[in-house]
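[1] output the structure for:
(chains A, B, C and D)
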Protein chains: 2
Amino acid sequence: MSDDRWVPPTVLVAVDLVILTLRSSRLYVLLIERGIEPFQGALALPGGFLSHEKEDLVAAAHRELAEEAGLGPDQLHLEQLGFYGAPDRDPRGRVVSAAYLAIAPRLPEPVAGTDASGACWIPVTQALAGDAQLAFDHEQILSDGVDRAREKLERSALATAFCGPTFTIAELQDVYEAVWGMRLDPRNFYRKVQSVEGFIVPAGPTRKTEGGRPARLFRPGPRATLHPPMIRPRGQADKETA
Amino acid sequence: MSDDRWVPPTVLVAVDLVILTLRSSRLYVLLIERGIEPFQGALALPGGFLSHEKEDLVAAAHRELAEEAGLGPDQLHLEQLGFYGAPDRDPRGRVVSAAYLAIAPRLPEPVAGTDASGACWIPVTQALAGDAQLAFDHEQILSDGVDRAREKLERSALATAFCGPTFTIAELQDVYEAVWGMRLDPRNFYRKVQSVEGFIVPAGPTRKTEGGRPARLFRPGPRATLHPPMIRPRGQADKETA
DNA sequence: TAAATAGTGTCTGTAAGACACTATTGA
DNA sequence: TCAATAGTGTCTTACAGACACTATTTA
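    Sure, this is the predicted structure:
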């Protein structure tokens, strides 16, 4: 602090992404097989360094989303997750990672039009099982991202980001069940979700089908935060949906 | 992406601290009057650059806490808040700030044994009023920190971090009222706070006094997360306690 | 018709909010 | 005694959870 010509150290800044989506009622994360050292061959979150000195962090996140997942800025939710800056987290040197959480709606097929051909959707339970061996501290980042998603489903309208522009209440329930890892009563869910002011609004008298009686369609409502919140039942954790 | 000898840009990493405490039933934040450009003379959050290449970010936060507020690592709560990395946030160049939220218990006097003599506790309402003109994007960081504290009081035992090792229920209520900016019914608060399993535990048959009947003392309980949560009444926001 | 999913009605237990009331101190 | 704060009891209302029941489709 009293040195004469001390200059602060510079570091590299990476942007890493936890991209979650729903596929066949399960929560998936997008992972990339690393083509270069370190951790060559291991799975890692999509991400990379800033491209140039003036690049905004959010812009970098969107750039990575486009490059590695083919996802445009319009079709997903993106929020800051946290920073990860342990001195030894990257063997190449001091790298501080700015992690973002992205939620993508159901997509037609795994990864369309992607640069990184090693990209693949992996069930979150599998990626966190321990045998996956993610690169760097990415298992921690992924774990934090999933925790964040679980929490935000309670107090925000984040669940609608997993759905398309319109959705049925059953589809929305599917999101809650997959992210929370537990089953919910459809009848109570139906009433509850509609009683939360501004969460979802009817999307025309339109309909849709998939086996039984056609369901009403809804759109995301005007409110981003839910009052009262959706309550996540406690006690019996992670009753996996087969 | 296809350049031959491209190297990623390096940036400076700063650690900034939102240090909150309670003084006479109001929420205060520790601010420093800047002695150098940029923003010389303006108020800013305590913080600074990493001291050396290998310094851990949490360690840097604790170092700043000691240097600028005289606060040791034992006597406070510290958690990650978020990162702030807009390209133009610091006129000196590209600086990404790792922001931490610190909660300090009631302290005897403003800032004891401090290097930076310009440090002072300012009421949060005043610091966020707009006329304070904090340096950089520190008003945003402070605002986010206060929001975070408000939220965490609902679901975590963070409120006890504002108190000393033992406290009365009235003192705990004081925390909630100051941070949430609203009054709560003492009788219902009394029952509610005790009904939350593991939030607070009786600290001996000891007592204390301050006007009326002596109050029982409590210590923080074993649980960091509260089930069921403390509910923040909605609707009437920010009824300031005079 | 049966099977399947969508949607409604209703009961019950828990808990939040309101508030009267008792308890224990200092002045 | 009163004023002040600590702590208890109880009523009312809201709502989560359980679950019987009706509605509308395909096979």
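
[2] report how many residues lie close to the residue in chain A positioned nearest to DNA strand C.
    At 2.4 Å from DNA strand C, A:Gly212 is the closest residue in chain A, using C-beta to the nearest atom of the strand. The C-beta positions use only the backbone N, C-alpha and C, and glycine is treated the same way. A:Gly212 has 7 neighbouring residues, counting by other C-beta atoms under 10 Å in any protein chain shown.

[3] just the element for it, please.
    Using DSSP states H and E, A:Gly212 is not contained in any helix or strand.

[4] buried sites along stretch A:6-14?
    A:10-14 (16 or more other C-beta atoms under 10 Å in any protein chain shown).

[5] how far away from the center of its chain is it?
    29 Å (C-alpha atoms, centre = their mean, to the nearest Å).

[6] now swap in stretch A:218-226 and tell me
    Taking C-alpha atoms, centre = their mean, one finds the center of stretch A:218-226 at 19 Å from the center of the full chain.

[7] and stretch A:145-160, average pLDDT?
    Mean pLDDT, stretch A:145-160: 97.

[8] for stretch A:98-106, same thing?
    In this model, stretch A:98-106 has an average pLDDT of 95.

[9] give the buried residues for it.
    A:98-105.

[10] how about stretch A:167-180?
    Neighbour-count burial for stretch A:167-180 [16+ other C-beta under 10 Å]: A:167-169, A:171-180.

[11] closest to chain B among these?
    Nearest to chain B among the buried residues of stretch A:167-180 is A:Trp180, at 14.7 Å by C-beta to the nearest C-beta.

[12] which residue packs closest to that closest one, ignoring adjacent ones?
    Using C-beta to C-beta, 6 or more residues apart in numbering or on different chains and skipping the chain neighbours, the partner closest in space to A:Trp180 is A:Arg232 (5.6 Å).

[13] list the neighbouring strands of the lengthiest strand in chain A plus their orientation.
    In chain A, taking DSSP state E as the definition, the longest strand is strand A:10-23. Under the criterion DSSP bridges, strand A:10-23 sits next to strand A:26-33 (antiparallel), strand A:47-49 (antiparallel), strand A:95-103 (parallel), strand B:10-23 (antiparallel) in its sheet.

[14] out of those strands, the one nearest DNA strand D is which?
    Comparison of those against DNA strand D by C-beta to the nearest atom of the strand identifies strand B:10-23 as nearest, at 15.3 Å.

[15] please save the CA atoms from that closest one in PDB.
    Below are the C-alpha coordinates for strand B:10-23, written out as PDB (Å, rounded to 0.1, in the frame of the first residue of the first chain):
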ATOM      1  CA  THR B  10      -6.000  -8.800 -19.700                       C
ATOM      2  CA  VAL B  11      -7.900  -6.700 -17.200                       C
ATOM      3  CA  LEU B  12      -7.500  -5.400 -13.700                       C
ATOM      4  CA  VAL B  13      -9.600  -7.000 -11.000                       C
ATOM      5  CA  ALA B  14     -10.900  -4.900  -8.100                       C
ATOM      6  CA  VAL B  15     -12.600  -6.100  -5.000                       C
ATOM      7  CA  ASP B  16     -15.400  -3.800  -3.700                       C
ATOM      8  CA  LEU B  17     -17.300  -4.200  -0.500                       C
ATOM      9  CA  VAL B  18     -20.800  -3.300   0.600                       C
ATOM     10  CA  ILE B  19     -20.400  -3.300   4.400                       C
ATOM     11  CA  LEU B  20     -23.700  -3.000   6.200                       C
ATOM     12  CA  THR B  21     -24.400  -2.500   9.800                       C
ATOM     13  CA  LEU B  22     -27.100  -1.300  12.100                       C
ATOM     14  CA  ARG B  23     -26.800   1.900  14.100                       C
END
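
[16] mind listing what A:Val201 touches?
    Counting by C-beta atoms under 8 Å, 6 or more residues apart in numbering or on different chains, A:Val201 touches A:218-222.

[17] residues contacting A:Phe83?
    Residues near A:Phe83 by C-beta under 8 Å, 6+ apart: A:96-99, B:57, B:80, B:82-83, B:98.
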